[in-house]
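S.K.: what follows is a predicted structure for the sequence shown.
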Amino acid sequence: MNKTVLIIGASRGLGLGLAKQFSSEGWQVIATVRTPQQADALSQIPRVSVETLDMNDAASVDALARRLEGTQLDVLFVNAGVAGPQGKPANLATETEVGHLFYTNAVAPLRLAERLLPLVNTKQGVVVFMSSILGSVETGPGMGMSLYGASKAALNHMTRTFVAELGETGVTVLSMHPGWVKTDMGGEQAPLEVETSARGMVEQVTKALGTGGHRYLDYQGDLLPW
Ligand code: NDP
């Protein structure tokens, strides 16, 4: 039977690339965009259905959960994220900018995952949070983008709590680093194409089905230091 993945934040970049890759491997894909006008590229892909969602809006998350009631997800892939106040060191960023960055990258993904968890296959489902190597407390500092890295470290930290609260279940949790990828966020100088990263991530997610536990890894399957 076909497997089903829900990808949060698939209007462009890695989310759109993941939708194409999962689809090309025969998966049913539910992909979210913030506004219906962003659905064009996704609508061209076979086996993809599009839902509207703003991850930061609890009412929007709740409405999606209710629309998807009865759907069983093999994979929930929480990809959406923001770069934050680019180029600004922590002491120059405003309270609003920092709040938006940490809410979007750390708090909203976990709230969404908690709300949608009842839809995830409890025997062998996978929940993926899109992290970054910059979120590694061991290796991230000094690599630049310190506020962004800290927001992904916060995501990793909150994910560990989420895993602890999951208790005995067959659900696997992955904190994924996609590599440095050419997207609006990654920029033109990034070495990796979206297709390469997406292919690698889909391979890692597929391998993880039914394995259990929580791992921080990259698109090639290499484990990363927390
Ligand atoms: P992009 O900026 O190209 O895309 C970001 C995606 O997130 C868009 O689809 C955007 O939607 C969506 N999004 C942002 N905020 C929200 C929200 N509140 N609700 C719903 N969707 C939202 O980034 P990438 O594709 O490069 O990045 C994807 C993920 O990978 C992010 O979490 C990023 O931090 C992470 N990452 C990326 C790396 C890279 O090199 N590119 C490296 C490491 C990690 P919209 O179009 O509406 O703005």
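M.R.: That came through, no problem.
S.K.: quick one: residues contacting the residue nearest in space to the middle of the chain.
M.R.: The centroid of the chain falls nearest to Asn79 when counting by CA atoms, centre = their mean (2.3 Å). Under the criterion of CB atoms under 8 Å, 6 or more residues apart in numbering, the neighbours of Asn79 are 7-10, 14-15, 18, 128, 130. To be clear about C-beta, it is placed using only N, CA and C from the backbone, and glycine gets the same treatment.
S.K.: identify the bridge partners of Gly213.
M.R.: Assessed by DSSP bridges, Gly213 has beta-bridge partners Thr172.
S.K.: pretty sure it sits against Gly170.
M.R.: No: taking contacts as CB atoms under 8 Å, Gly213 lies outside contact range of Gly170: 10.3 Å.
S.K.: is stretch 146-165 anywhere near the ligand?
M.R.: No: Stretch 146-165 does not reach the ligand (CB under 6 Å from any ligand atom); its nearest approach is 6.8 Å.
S.K.: contact partners of that stretch?
M.R.: The list of residues contacting stretch 146-165 from outside it, by CB under 8 Å, 6+ apart, reads 81, 83-85, 88-90, 93, 98, 101-102, 104-107, 109-110, 113-114, 129, 131-132, 134-137, 140-141, 143, 173, 175, 214, 216, 226.
S.K.: any of those buried? List them.
M.R.: Burial by neighbour count, 16 or more other CB atoms under 10 Å: within those this picks out 81, 83-85, 93, 98, 101-102, 104-107, 109-110, 113, 129, 131-132, 134-136, 140, 173, 175, 214, 216.
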